[in-house]
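A.B. asks: Here is my input, please return the structure:
(chains A and B)
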Amino acid sequence: AQTVTQSQPEMSVQEAETVTLSCTYDTSENNYYLFWYKQPPSRQMILVIRQEAYKQQNATENRFSVNFQKAAKSFSLKISDSQLGDTAMYFCALGRTNFGNEKLTFGTGTRLTIIP
Amino acid sequence: ETGVTQTPRHLVMGMTNKKSLKCEQHLGHNAMYWYKQSAKKPLELMFVYNFKEQTENNSVPSRFSPECPNSSHLFLHLHTLQPEDSALYLCASSQDQGAGYEQYFGPGTRLTVT
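C.D. replies: Presented below is the predicted three-dimensional model:
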């Protein structure tokens, strides 16, 4: 069975600062995908960043980057120069690649508040 | 927004009612999903459809009945629900059913069962 753990239910940070959200996971698969999704208040969930497990290089998307530690099964999200629009629930998700049974397993989320 | 719409946005129903949730995607995707989102719990995958065929039923009680008439539309028919079924129900779609595909989510239906 796959599990995803987000140990920080809530976080807050001052605008323009850097914040790191943690995520650990467990899977017996060797090939899989990891995602961070963002759910702003009363708005739709959107993909922030994606990492393929076979790639050693950490994914980056503008101000968002990940620290992927495959051996430690850790996948943290770093948000640089945080903005008020970054206020949201952030979900870490793990997708396995078994043909015919692909699905995402989500963590419980971290509520991030950016303080003006 | 994301190209996935859901109606209604809010629904209050009694335990003896029958209602349906609707999801529509305008992205040309082949896979569609129903998730249940409850406070302080991980998103729970309920059903997956790929090319209109159900490929996943995650041990969901029979009081939830999905329907996928075509690749663009997905319904969730509800009957004789329990108060613990109150939650945000999210629909999502992806190009295909595969772990690497980005899922596009709708805004959700906030369901309250009284």
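A.B. asks: count of neighbours near the residue nearest to residue B:66 when sequence neighbours are not counted?
C.D. replies: Distances taken as C-beta to C-beta, 6 or more residues apart in numbering or on different chains put residue B:47 closest to residue B:66, at 4.5 Å, once the chain neighbours are dropped. For the C-beta atoms, the positions are set from N, CA and C on the backbone; glycine is no exception. Using other C-beta atoms under 10 Å in any protein chain shown, residue B:47 has 21 other residues around it.
A.B. asks: Quick one: residues contacting residue B:47.
C.D. replies: B:33-34, B:54, B:56-58, B:60, B:64, B:66, B:76 (C-beta atoms under 8 Å, 6 or more residues apart in numbering or on different chains).
A.B. asks: go with 10 Å
C.D. replies: Under the criterion of C-beta atoms under 10 Å, 6 or more residues apart in numbering or on different chains, the contact partners of residue B:47 comprise B:32-35, B:54-58, B:60, B:64-68, B:74, B:76.
A.B. asks: Listing partners with orientation, what would you give for whichever strand or helix holds residue B:68?
C.D. replies: Mapping residue B:68 onto the secondary structure by DSSP states H and E places it in strand B:64-70. Its sheet considered, strand B:64-70 pairs with strand B:73-79 (antiparallel) by DSSP bridges.
A.B. asks: Just the buried positions in the partner strand, please.
C.D. replies: By neighbour count with 16 or more other C-beta atoms under 10 Å in any protein chain shown, strand B:73-79 contains the buried residues B:74-76, B:78.
A.B. asks: In CSV, list the residues you listed along with pLDDT.
C.D. replies: Below are those laid out as CSV (pLDDT from 0 to 100):
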residue, pLDDT
B:74, 97
B:75, 98
B:76, 98
B:78, 96
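A.B. asks: Whichever helix or strand the residue nearest to residue B:66 is part of to strand B:64-70, inter-axis angle?
C.D. replies: Element membership for residue B:47 (DSSP H and E) is strand B:44-50. Taking axes from the mean of the first three to the mean of the last three C-alpha atoms, to 10 degrees, strand B:44-50 and strand B:64-70 form an angle of 30 degrees between their directions.
A.B. asks: So is the next helix or strand after strand B:44-50 next to chain A?
C.D. replies: Under the assignment DSSP H and E, the closest C-terminal helix or strand after strand B:44-50 is strand B:53-57. Yes - figure legend: strand B:53-57 in contact with chain A (C-beta under 10 Å from any C-beta of the partner chain); contacting residues B:55-56.
A.B. asks: Buried residues in strand B:53-57, which are they?
C.D. replies: Of the residues in strand B:53-57, those buried by neighbour count under the rule 16+ other C-beta under 10 Å are residue B:56.
A.B. asks: Just list what it packs against, helices and strands only.
C.D. replies: Applying 3 or more C-beta pairs under 10 Å, 6 or more residues apart in numbering or on different chains; DSSP states H and E, we find strand B:53-57 packed against strand B:31-37, strand B:44-50, strand B:64-70.
A.B. asks: switch the cut-off to 6 Å
C.D. replies: Counting contacts by 3 or more C-beta pairs under 6 Å, 6 or more residues apart in numbering or on different chains; DSSP states H and E, strand B:53-57 is packed against strand B:44-50.
A.B. asks: Compute the inter-axis angle for the strand it packs on and strand B:31-37.
C.D. replies: Using the same axes, to 10 degrees, the interaxial angle of strand B:44-50 with respect to strand B:31-37 works out to 170 degrees.
A.B. asks: Listing partners with orientation, what would you give for strand B:44-50?
C.D. replies: The strands that strand B:44-50 pairs with in its sheet are strand B:31-37 (antiparallel), strand B:53-57 (antiparallel) (by DSSP bridges).
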